[in-house]
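[1] predicted model and sequence below, questions to follow.
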Amino acid sequence: MKKYFNLASALIASLKPKSQSPAIDSYGQSPLTQEQQQALMEWLFASLMGVGYFGKAHLIWDDGKDREREIFTALMRNEPIFLYRQGARPTPTVEGYCWQLIGEHPSLRVYQLVVEVEGD
C-alpha cells in the first residue's frame, strides 16, 4: 500500500511546474557543522551550475530512514538526487537505481542517484 501511495504522490508532483531557479531541498538531519553544511551546499550549487543545471535538486542526509517517497518524487520530475552518507555505506535505494560516489567532493561521502545498467 505504501508503495502505491509513494507512486501516486510522485505522479502528482510530476504534474506541478518545474522550478526555474536553483534550489536544493534537503531531507533528514545534517551531521555537519553549519560551516561544513554551507560549504557542501555551495559546492553542490557550483557543480550543478557548472553542468548547466539551474532547477531544483534534492539532498538526502542519510540517516537510514526510508526516503522512497522523496526519491520517487524527484525521479518523476527528472530532478537530480544526492545523498550525504553518514554510515559506512549508503542506505539502499529503490530497485533499478543505485548511489554512485561523486569522487570530486573531498569528503568522499557525497553520492548521486543513477539508473543501474545491467550487463549483457
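    Arrived safely, thanks for sending.

[2] any low-confidence regions in this protein?
    1-20, 119-120 (pLDDT under 70).

[3] which helix in it has the most residues?
    helix 34-50 (DSSP state H).

[4] residue 40: neighbour count?
    20 (other Cβ atoms under 10 Å). Any C-beta I mention is one placed from the backbone N, CA and C, and that applies to glycine too.

[5] quick one: which helix or strand includes the residue lying closest to residue 25 once chain neighbours are set aside?
    Spatial nearest neighbour of residue 25, chain neighbours left out: residue 58 (5.1 Å); criterion: Cβ to Cβ, 6 or more residues apart in numbering. Under the criterion of DSSP states H and E, residue 58 resides in strand 56-62.

[6] what does that strand contact?
    Residues from elsewhere that reach strand 56-62, judged by Cβ atoms under 8 Å, 6 or more residues apart in numbering: 18-19, 22-31, 41, 44, 48, 67, 70-71, 74, 77, 79-87, 90-91.

[7] what do you get for stretch 88-101?
    62, 64-65, 67-68, 71-72, 75, 83, 85, 108, 110-116.

[8] and the longest helix of the chain, how far out from the chain middle?
    From the chain centre to the centre of helix 34-50 is a distance of 14 Å (Cα atoms, centre = their mean, to the nearest Å).
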